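Student: one predicted model, sequence on top.
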Amino acid sequence: MSIPTQYDTIIIGSGQGGTPLARALALANHKTALIEREHIGGCCVNDGCTPTKTMIASGRVAYLAKRGRMYGVQMANTSGSIEGDNGNEVVIDMKKIRQRKRDIVDSFRTGGEKRLRDAGVDVIMGEASFVDAKTMVIMDGRNGNERVVRGDRIVINTGCRPGKVILDGLERVPNERVLDSTSIMELGEVPRHLVVVGGGYIGVEFGQLFRRLGARVTVLQRGKQLLPREDKELADMLLEIFRDDGIEVMLETTPVEIENASEDVFNVAVETRQGREAVKGATHILFASGRVPNTERLNAAAAGVKMDKRGYVVTNEFLETSSPSIYAMGDVKGPPSFTHISYDDFRVLRPTLLGSTSADERLSIRDRIVPYVAYTDPQFGHVGLHEDEARERFPGRKILTAQMPMGYVARALETDETRGAMKAVVDGETGQILGFTCLGVEGGEIMSIVQTAMMGNLHYQKLQDAVAFSQLFSTTNLSNLLLILLMANLIRHRPFLTGALTIVTVSSAVAYLTKRRLNQSCPTIAITEIPKASACRNLIETPCEANTPTPWGVTKSTLLSSWSGGDKVYWVPSFVAVQAEVPVSQLSQYGLFSHDGVDQKDDAHILSKNLVAAFIDARDTGLETSVLDRDVPPLSFTPSSRLFGRPSKMGAFMLGTWDAESGINVRPSDLPSDASKPVTEFGPNEEAVRNGSAVDTAGAVMYWMFPKALVEGVDKAASYGLPWRLMDGGFQEFIVERVSDEKARVTYVTIECTNLHPLGQQQRDFKMLPWLLYEAHVLYAQILWSKTLRRLQRSQTTLE
């Protein structure tokens, strides 16, 4: 063994904590060595933050380009391109995206190495392992040379990497199609169908990125929600956003085997709550379900460094290991694994290693506030405690929460970026902000403002009262959100007001129903009374047999939204429809009732556009069209259909849903599993046909999708007493029913609804104010129905 070189400090790994620490020590005239086995910069620069956010920026540009018409910007069509949601076409050059990523990473990498050498750091390339607590041997993988170094102090900063995956049959898939969070960024082409295993931060970022670049994406998530550590309400909003974007998400799903693998495609067998299923036609699979520490070749035991059962280095709050004068920082010491945590470890460790602080004054990582952002679009930013964590940590304390949809943010409306919501958690006694989450455009930037207030222990009203520039995503909306907290606190400390509003709640519900029964001027609004004790939330397992003033019970399949009053739960849907009889032969030319036609069209929204054409053709050729009488609904709505467990033999299936404002197309396979209580009897229609089912038994698929999380977002905001604005949401859809061998019935349906009631209000802090507006709801519903009827009557001659 060669004579070792002696250093004051040796740092193993050049990640986001190790690099600035090495520079700081060297600039303070400490002889410092930095050992790196691959590239300067660690995971963040080479495999994490920098390359992923660079590629996500390309995906964002593709997304905006495809939405150009919404902003009045038209792009010329280009051959060989993918079709945008609004008729735009965008060409994706994956090789250029990859090269742009490589160039930026290389600039970060070379710049970082230059700054280290300029500071006087001895940069040693190779892989280090302990000989003892002071000595390390370094193997240079490029030439096989060994070098021995000794250090008075050693800092372990070796980071993590994607974990190995074990899945039956995976060996039958070509290696270049089995991806992790590093290799996926080296693809030279967009996958046709990317299956993402894992719905955590890595999975959601890459899933949305490649969907925007044109891939079909299926996310398999073992848990009951995406981002399992996050607030469920906001995680469910993200799920709805993903499905709006055409991403297939399967919750409570575990991959078990690769089946029918060839050079081009394979199937992924999965276990779901319903049993074994298959995700068919995958071309690539990304495993985004976990990372492991880089410690297996460190020989840490030789230095007396203790590790946990997963291989992470165990440290105390001062980043000391079990071996004196050996420290650990960054991901290698275990979660939370973020770049900014690594950098904060540098902040904590620097004065200790420089000797500028006494033992009693050492900095600690205890109780530090941990912010983070998932770079989905919109961003998912969080800091501090979630609501359930706050209630668990402070039992018996008054915990206030407020939630507000991004649709209430002026800047979000101006930029048409209204998806998502923000939520604050506050100690009701001290006014201290305990936690904040923002799922919204620039959610990370908004979160950072709240983090600053939390670090300064500001009362939430201080942040609310701040004079801030108005045209920002973060200012006026934060003020309004915290105003909700103020109102919640007001109600909490005035029991008489709570009692008065409770009386208003019950009386308002009775008055509302009484007026509804007496006033039939709005016949398409159906009020259904359902006893609270009945299990009516899961329509598939327990169809609701409920009283209804309409003769055909539409509310049995369209339970849109609810509120509580007395011992009842009330649901309010509203719809109108126009029908046309169309020859089956005419529909076949659009790929309907044709196995080959469905097989050839991967995106269901293309089929929905064909239905539009079929409907217009029916009108133009003089075939019968009429506004449906409310007593003669489409067969899909009747209790005898397969929606309620009995075969209808009608072959009705829904091929696409969109709303006029956002133009979002939704695949039937992307139905939300819990957000809007969908009713479905099969999976994707394409699968029903491909599996050889007769088309006339392909099954009815009916669901209700409202834009911009209206039902969940607006109601929850209202439940906190936001200054109320009457809002309505709606969608349009076409349903095709094969009524005979020669004829099919095409039904154009428009659904609209106002919501002035809180969902899950028993969990809210302030929950009574919306009851004061029920009479306004009745009046507004009548006006809305009149407008809708006029529009539908015009649509017989102007539908385009």
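Tutor: Looks like it came in fine.

Student: give me the pLDDT value at residue 764.
Tutor: Looking at residue 764, its pLDDT is 25.

Student: can you list the residues that contact stretch 249-263?
Tutor: 167-170, 172-174, 195, 197, 199, 218-226, 239, 242-243, 266-273, 276, 278-279, 285, 670, 673 (Cβ atoms under 8 Å, 6 or more residues apart in numbering). In short, each C-beta sits where N, CA and C put it, glycine included.

Student: which of the residues you listed fall in strands?
Tutor: Among those, DSSP state E puts 195, 197, 218-220, 266-272, 276, 278-279, 285 in strands.

Student: and these, which are buried?
Tutor: Buried members of the ones in strands among the contacts of stretch 249-263, counted by 16 or more other Cβ atoms under 10 Å: 195, 197, 218-220, 266-270, 279, 285.

Student: okay, these in TSV with distance to residue 463 next?
Tutor: Listed next are these as TSV, based on distance: Cβ to Cβ, whole Å:
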residue	distance to residue 463
195	43
197	40
218	41
219	35
220	40
266	52
267	52
268	47
269	51
270	45
279	46
285	45
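
Student: okay if I get those residues as a markdown table plus pLDDT and distance to residue 140?
Tutor: What follows is these, written out as a markdown table (pLDDT from 0 to 100; distance: Cβ to Cβ, whole Å):
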| residue | pLDDT | distance to residue 140 |
| --- | --- | --- |
| 195 | 98 | 39 |
| 197 | 97 | 35 |
| 218 | 96 | 43 |
| 219 | 97 | 41 |
| 220 | 97 | 41 |
| 266 | 96 | 40 |
| 267 | 96 | 44 |
| 268 | 96 | 41 |
| 269 | 96 | 44 |
| 270 | 96 | 44 |
| 279 | 94 | 44 |
| 285 | 97 | 35 |
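
Student: and of the ones in strands among the contacts of stretch 249-263, the nearest to residue 136?
Tutor: residue 197 (36.6 Å; Cβ to Cβ).

Student: residue 285 is in contact with that closest one, correct?
Tutor: Yes - proximity of residue 197 to residue 285 meets the contact threshold set by Cβ atoms under 8 Å, at 6.7 Å.

Student: name the helix or strand for residue 281, please.
Tutor: Assigned by DSSP states H and E, residue 281 belongs to strand 275-282.

Student: residue 44 reaches residue 51, doesn't it?
Tutor: No - contact criterion Cβ under 8 Å: residue 44 and residue 51 do not qualify, at 9.4 Å.

Student: show me what the mean pLDDT comes to for stretch 425-441.
Tutor: 92.

Student: how far does it stretch from start to finish?
Tutor: 20 Å (Cα to Cα, to the nearest Å).

Student: now it: buried residues?
Tutor: 425-428, 431, 433-441.

Student: just stretch 187-194 next, same as before
Tutor: 187, 190-191, 193-194.

Student: how close does residue 229 get to residue 454?
Tutor: The spacing between residue 229 and residue 454, counted by Cβ to Cβ, to the nearest Å, is 19 Å.

Student: can you give me the strands in the stretch 1-150 of the chain?
Tutor: 5-12, 32-36, 82-83, 89-90, 122-125, 127-130, 135-139, 146-156 (DSSP state E, counting those that start in this stretch).

Student: tell me which of the ones you listed is the most buried.
Tutor: Of all the strands of the stretch 1-150 of the chain, strand 32-36 carries the top mean neighbour count, a mean of 27, counting by mean count of other Cβ atoms under 10 Å.

Student: contacting residues around it?
Tutor: 5, 7-14, 18-19, 22, 25-26, 116, 120-128, 136, 138, 149, 151.

Student: for residue 223, grab the count of nearby residues.
Tutor: Residue 223 has 15 neighbours, counted by other Cβ atoms under 10 Å.

Student: surely it meets residue 199?
Tutor: Yes - under the criterion of Cβ under 8 Å, residue 223 makes contact with residue 199 at 7.1 Å.

Student: how about the contacts made by residue 206?
Tutor: 52, 181, 184, 196, 286, 288 are the contacts of residue 206 under Cβ under 8 Å, 6+ apart.

Student: in terms of residue numbering, what are the domains of the chain?
Tutor: The chain resolves into domains spanning 5-74+88-162+293-354, 170-289, 371-498, 569-758+771-795 when parsed by the TED database.

Student: and which of the ones in strands among the contacts of stretch 249-263 is nearest to residue 163?
Tutor: residue 197 (11.4 Å).

Student: who does the closest one bridge with?
Tutor: residue 220, residue 287 (DSSP bridges).

Student: any idea how far it lies from residue 36?
Tutor: 30 Å.

Student: what about this structure, any weak spots by pLDDT?
Tutor: For the chain, residues meeting the criterion pLDDT under 70 lie at 1-2, 75-89, 468-800.

Student: ok, 80 please
Tutor: 1-4, 69-70, 74-89, 141-142, 144, 357-360, 407-410, 413, 463-800 (pLDDT under 80).

Student: now residue 6: how far from residue 136?
Tutor: Taken as Cβ to Cβ, the span from residue 6 to residue 136 is 12 Å.

Student: could you name every residue contacting both of the two?
Tutor: 149-151.

Student: now those residues as TSV including distance to residue 306?
Tutor: TSV is the format used below for the shared contacts of residue 6 and residue 136 (distance: Cβ to Cβ, whole Å):
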residue	distance to residue 306
149	23
150	22
151	19
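
Student: quick revisit: residue 31: which of the buried residues of stretch 187-194 is nearest?
Tutor: Among the buried residues of stretch 187-194, and counting by Cβ to Cβ, the member closest to residue 31 is residue 187, at 43.2 Å.

Student: ok, now which ones touch that closest one?
Tutor: By Cβ under 8 Å, 6+ apart, the contact set of residue 187 is 94, 98, 179, 284.

Student: repeat the analysis, applying 6 Å as the threshold.
Tutor: For residue 187, no residue counts as a contact, taking Cβ atoms under 6 Å, 6 or more residues apart in numbering as the criterion.

Student: now it, what are its backbone angles?
Tutor: Phi and psi for residue 187, reported as degrees, to the nearest 10, are phi -70, psi 140.
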